[in-house]
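> Curious how this folds, go ahead:
(one chain, ligands or ions: 2)
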Amino acid sequence: MIEFLALSKTYGAFRALAPLTLTVSKGEMFGFLGPNGAGKTTTIRMMMSILVPSGGAVRIAGLDCHRDAAEVKRHVGYLPDSPIFYDYLRGREILQFIGEMHGLTRAESQLRAQRLMAELGLGEVSEEFAVNYSMGMKKKLLLARALLHDPQVMYLDEPTANVDPQARAFLLDAVRALRARGKAIVYASHYMEEVESLCDRIAIIDHGRLLQTGTLTEIYADPSHRRVGELIGSPAMALLDATVRGARLAVDGYPIPLPLSGLSLGAKAEGAGAGPLPDGAARARDGQPGLGARRARRGESARP
Ligand SMILES: Nc1ncnc2c1ncn2[C@@H]1O[C@H](COP(=O)(O)OP(=O)(O)OP(=O)(O)O)[C@@H](O)[C@H]1O
Ligand SMILES: [Mg+2]
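Ligands and ions are numbered 1, 2, ... in the order given. Below is the predicted model of the structure:
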């Protein structure tokens, strides 16, 4: 249903996305997993024709996302990575405005706005100015905005970034409910556990390159990879990154045998080119058990 045909993006000499070729099937929940700067937002922005591809194309149901942008947007709901709202509009007004932009009548827009705000727990703040919403409320409003025209396909760019655990759980449940209603979803995140719990298939990208794609089962089965399900918490991306670049994983200087039986030991990445590490992994590198590993030992989630 979504075809990436050597889609690429460069900014001057900098390559943000190397030619990307892959297909997302109809009704599939597809995850783009990658650390900061991997190229997730760049890819989604080209899918929304916010950015013009430097090369190749991306098509949805046969439509070119750039050439046929207006038609594509009729079928797609987009939750952007950063919430930006008109500062003179209230939450309800924003949704009504978007509904009317999509060609709904005023009455229909009002009805859908009210219903969505109630469903997403925004009923009490519908008359507040959206710029004054908390981050969790803003993300819910973005989701409502993406859903207003009842699209069949959703692009969600880090919907849970910078929200508290309750709002995060709420948003993830909302995404699951959308999936159950048959929406095709492209979900970008740097949280392994989110794509793992939500997605049928994932593409792991880093520095604009597609590193691996497949179902979680396929990725688990790949002997060159650590088992994704065992990479818990913030060191996960760093460990994956280190693995992909050929760095050796070790605990206290001893290489970890495959298959990896768990990372609760505070595994550290060794070797050249392991790349910048997130908080927990940086500690692991220093010889201290990583934050994620310590949390994993206590059976906690590594996310705040
Ligand atoms: N307008 C721009 N000019 C130059 N470089 C850019 C521009 N926009 C993005 N980039 C670069 O492209 C790369 C990919 O950025 P992108 O925002 O797609 O990453 P991301 O995977 O979404 O990261 P994050 O998890 O932080 O949201 C980054 O190195 C970024 O600095
Ligand atoms: Mg991004």
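> Tell me how many other residues crowd G12.
Other residues within reach of G12, judged by other CB atoms under 10 Å, total 5. (Glycine included, C-beta is placed from N, CA and C.)
> correction: S134
S134 has 12 neighbouring residues, counting by other CB under 10 Å.
> Could I get the phi/psi values of it?
The phi/psi pair for S134 (degrees, to the nearest 10) reads phi -70, psi 170.
> do T21 as well
When read as degrees, to the nearest 10, the backbone of T21 gives phi -130, psi 120.
> Hmm, it is touching G55, no?
No: under the criterion of CB atoms under 8 Å, T21 lies out of contact with G55, with a separation of 11.3 Å.
> Name the residues contacting each of those two.
Shared contacts of T21 and G55 (CB atoms under 8 Å, 6 or more residues apart in numbering): A6, L7.
> Close to ligand 1: what parts of the stretch 1-150 of the chain are there?
Residues of the stretch 1-150 of the chain that fall close to ligand 1, judged by CB under 6 Å from any ligand atom: Y11, F14, A16, G34, N36, G37, A38, G39, K40, T41, T42, D81.
> The third one looks like it's in a strand, true?
I take that to be A16. Yes: membership of A16 in a strand is supported by DSSP: H, G, I helix; E, B strand; the rest coil.
> neighbours of it, just the number please.
Neighbours of A16 under the rule other CB under 10 Å: 19.
> from here on, count from 835
That works, and once the first residue is 835, the last one we named lands at A850.
> Check what pLDDT the one residue in the chain that gets nearest to ligand 2 gets.
As assessed by CB to the ion, ligand 2 sits closest to T875 within the chain, at 3.1 Å. Note for T875: predicted pLDDT of 97.
> can I get the CA coordinates of the helix or strand encompassing it in CSV?
If you go by DSSP states H and E, T875 is part of helix 874-881. Coordinates of each C-alpha in helix 874-881 appear next as CSV, following Å, rounded to 0.1, in the frame of the first residue of the first chain:
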residue,chain,number,x,y,z
LYS,A,874,12.4,9.2,10.8
THR,A,875,10.8,12.7,10.7
THR,A,876,12.5,13.5,7.3
THR,A,877,10.9,10.3,5.9
ILE,A,878,7.4,11.1,7.2
ARG,A,879,7.6,14.7,6.1
MET,A,880,8.3,13.5,2.6
MET,A,881,5.3,11.1,2.9
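> What residues of stretch 858-867 count as buried?
Along stretch 858-867, these residues count as buried under the neighbour rule (16 or more other CB atoms under 10 Å): V858, E862, M863, F864, G865, F866, L867.
> Which two among the residues you listed are spaced furthest apart?
Between any two of those, the greatest separation by CB to CB is 14.9 Å, found for E862 and L867.
> pLDDT below threshold where in this structure?
Scanning the chain with the threshold set as pLDDT under 70 gives 1056-1138.
> All the helices of it, in order from the start?
Counting by DSSP state H, the chain has these helices, from start to end: 874-881, 903-909, 925-935, 940-953, 969-981, 999-1014, 1026-1032, 1050-1055, 1069-1078, 1113-1119, 1125-1131.
> Make CSV from these and add distance to R893 to it.
Formatted as CSV, the helices of the chain follow (distance: least, CB to CB, whole Å):
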stretch, distance to R893
helix 874-881, 10
helix 903-909, 9
helix 925-935, 24
helix 940-953, 29
helix 969-981, 21
helix 999-1014, 23
helix 1026-1032, 23
helix 1050-1055, 24
helix 1069-1078, 28
helix 1113-1119, 37
helix 1125-1131, 38
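> Thank you, goodbye.
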